[in-house]
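Enquirer: predicted model and sequence follow; I will ask about them next.
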Amino acid sequence: MSVEPEEPVVEEAREDAPESGAHNAHQPSIEEERGGAGLPDNFQRLWTPHRMAYIKGEGKPTGAGSGDGCPFCEIPKMTDEEGLIVARGDAVYAVLNLYPYNSGHLMVVPFRHVADYTELEGAECADLARFTQQALTALRKASGAQGFNVGMNLGQVAGAGIAAHLHQHVVPRWGGDTNFMPVVGHTKVLPQLLRDTRRLLADAWPHSGL
């Protein structure tokens, strides 16, 4: 037994009805509005053009010497606010990473331009270790960090971005801080500006003891 198809229902036009396309019309995506090539998809995009400086290697030393544009040699000449310095010691200083993995990602850096850990003198090793402890204390106090990745990459083949000047990374970690954004999207969402983070950590830094 067959059923006759229903006739489409056509509503009569009303004088007070909104003009065609005023409400229920298809809302074009940004790509469509711009008339770009390709078909629109369901992805939202976070544009981070500031990271192009990191990708292109801007600010990296041109050579291995301290006078070859090493940023770790130039930063101590700046004010703490300008250089994002959290604390200064006798032989090392703590500075925020300009391209952080997590908020509060900082580095402990010797003032002396030295590439390898074995080249550090005893006082420098002691100051580096002390500052690493103080960094952990400050990050726990300021942000409630639940864990840390601490270490250094020695040499370009080991992943050092600036291999000519040794620096130790201190990265605070929290449960769930690794999600689809960095794993799939290769994008890190940071909830706080670097200058605000610097001020919080500087205030929490244990200047006397631990």
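Expert: Sure, I can see it. Worth saying up front: this structure is predicted, and the values here are computed from it rather than measured. Numbers count the residues shown, from 1 in each chain.

Enquirer: following the least confident helix or strand in the chain by mean pLDDT, which helix or strand comes up?
Expert: Within the chain, confidence by mean pLDDT, DSSP states H and E is lowest for helix 180-183 among all helices and strands, at a mean of 44. Tracing the chain past helix 180-183, the next element assigned as helix or strand by DSSP states H and E is helix 194-204.

Enquirer: packing partners for the top helix by length along the chain?
Expert: When the chain is parsed with DSSP state H, its longest helix is helix 122-143. When contacts are defined as 3 or more CB pairs under 8 Å, 6 or more residues apart in numbering; DSSP states H and E, helix 122-143 packs onto strand 85-88, strand 92-96, strand 106-110, strand 147-151, strand 168-173, helix 194-204. Glycine gets a C-beta too; all of them are placed from N, C-alpha and C.

Enquirer: pull the number of nearby residues for Trp47.
Expert: Number of residues near Trp47 (other CB atoms under 10 Å) recorded here: 7.

Enquirer: how about the secondary structure of it?
Expert: Reducing the assignment to helix, strand or coil with DSSP: H, G, I helix; E, B strand; the rest coil, the entry for Trp47 is coil.

Enquirer: against Asn102, how distant is it?
Expert: With distances defined as CB to CB, to the nearest Å, the gap from Trp47 to Asn102 amounts to 21 Å.

Enquirer: please apply the same query to Thr79.
Expert: In this structure, Thr79 and Asn102 are 25 Å apart, going by CB to CB.

Enquirer: who has more neighbours, these two?
Expert: Using other CB under 10 Å, the more surrounded residue of Thr79 and Asn102 is Asn102, with 21 against 7.

Enquirer: hang on, that one packs against His169?
Expert: No - using CB atoms under 8 Å, Asn102 makes no contact with His169, being 10.8 Å away.
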